[in-house]
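> Sequence and predicted structure below; questions after.
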Amino acid sequence: MGAVYLIALIVAAVAFSAGGILIGKLLNKGSKNPQKGEPYECGIAPIVSPWHQFNVGYYLFALLFLIFDVELIFMYPWATVVKEMGMVALVEIVIFIFILFLGFLYAHKKGALKWM
Amino acid sequence: MSLVEIIFWFLSGLALISAIMVLLSKNPVHSVLWLIAVFFAISGHYILLNAQFLAIVNLIVYAGAIMVLFLFVIMLMNQNAETEPRSKSTWIKLAGAIAGGCLLIVVVAAVRDSENLIQNIGGKAYAKTAVTTHGEIGLIENLGRVLFTQYVVPFEISSVLFLSAMVGAVVIGKKD
């Protein structure tokens, strides 16, 4: 019985999003011109390609985000068992987060999180 | 075909088509988006294998964070169409075709005699679908219980690993 609900939900999800796009296409009677494809409808027209080389420093934000992402992954199984394990699990996760917090403090102190 | 098999074949097809589209897209950002589709299909496979935690990790870490890294790498490269070499030489194409063909032969040779991949239904051989309904170790609760009792020391040490990764990233990325 659960399988029927699953399929019904999948069909409903696809139909909902496809229906939205379809209705938008049907009701939209606008004309097509090259200006509509531009990033801004008014203001200064872009004169060069937006493909620029970015500062390598921005990569740091992504790396730090990845590390905290993995940290959160570890908290997910912890959250499911913390109730039955009680104080022990709490101490374990506090140690874990404290060590990572040191890294965060280091990055903050070095100014790695400042926007360039 | 049972429902699970239908889902299995659908996810497999989706993963393969998306993987091919990763290679065929001209725009590297489109490649990244197709790669996210591959990760979603693989996560579906993990759920079929009763490995919920792997599925979630795959979505959050790979489809989330690693893809951000990929986008940053693409942005760090200079992707101007004028500076990019448009056509590869014939020799490179030939070498690629030969290398890919060799890999295909090896994979087919390894798979076609494997007993584990074939199941008999009414005297006919069918490809086995990677589906399991038993095995509870992939469930998040069991994993958490093991991780926070038996393997608590490796868990705490892993935080030191993250710390070193963080410090390393800051030291390398912050030049001043």
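The structure has been received and is ready for your questions.
> Give the lowest-confidence helix or strand of chain A, using mean pLDDT as the measure.
helix A:58-85 (a mean of 87; mean pLDDT, DSSP states H and E).
> Can you list the neighbours in contact with the helix or strand just after that helix?
Toward the C-terminus, helix A:58-85 is succeeded by helix A:87-109 as the next helix or strand (DSSP states H and E). Outside helix A:87-109, the residues that touch it by C-beta atoms under 8 Å, 6 or more residues apart in numbering or on different chains are A:64, A:67-68, A:71, A:74-75, A:78, A:81-82, A:113, B:148, B:152, B:155-156, B:159-160, B:162-163, B:166-167, B:170. No exception for glycine: its C-beta is placed from N, CA and C like everyone else's.
> For PyMOL, write a command that selects the buried ones of these.
Remark: buried members of those, expressed as a PyMOL selection using 16 or more other C-beta atoms under 10 Å in any protein chain shown:
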select buried, (chain A and resi 64+67+71+74+78+81+82) or (chain B and resi 148+152+155+159+162+163+166+170)
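> With the flanking residues excluded, which residue is spatially nearest to the residue nearest to the spatial centre of chain B?
By C-alpha atoms, centre = their mean, the mean C-alpha position of chain B lies nearest to B:Phe39, the distance being 5.6 Å. Ranked by C-beta to C-beta, 6 or more residues apart in numbering or on different chains and with sequence neighbours excluded, the top spatial neighbour of B:Phe39 is B:Ala63, at 4.2 Å.
> Going by residue numbers, what spans are strands in chain B?
All strands of chain B, identified by DSSP state E, fall at B:118-121, B:124-127.
> For A:Met87, see how far away the single nearest residue of chain B relative to chain A is.
Of all residues in chain B, the one sitting closest to chain A is B:Gly144 (3.2 Å; C-beta to the nearest C-beta). Taking C-beta to C-beta, to the nearest Å as the measure, B:Gly144 falls 16 Å from A:Met87.
> Those two: which is more packed in?
B:Gly144 (23 against 8; other C-beta atoms under 10 Å in any protein chain shown).
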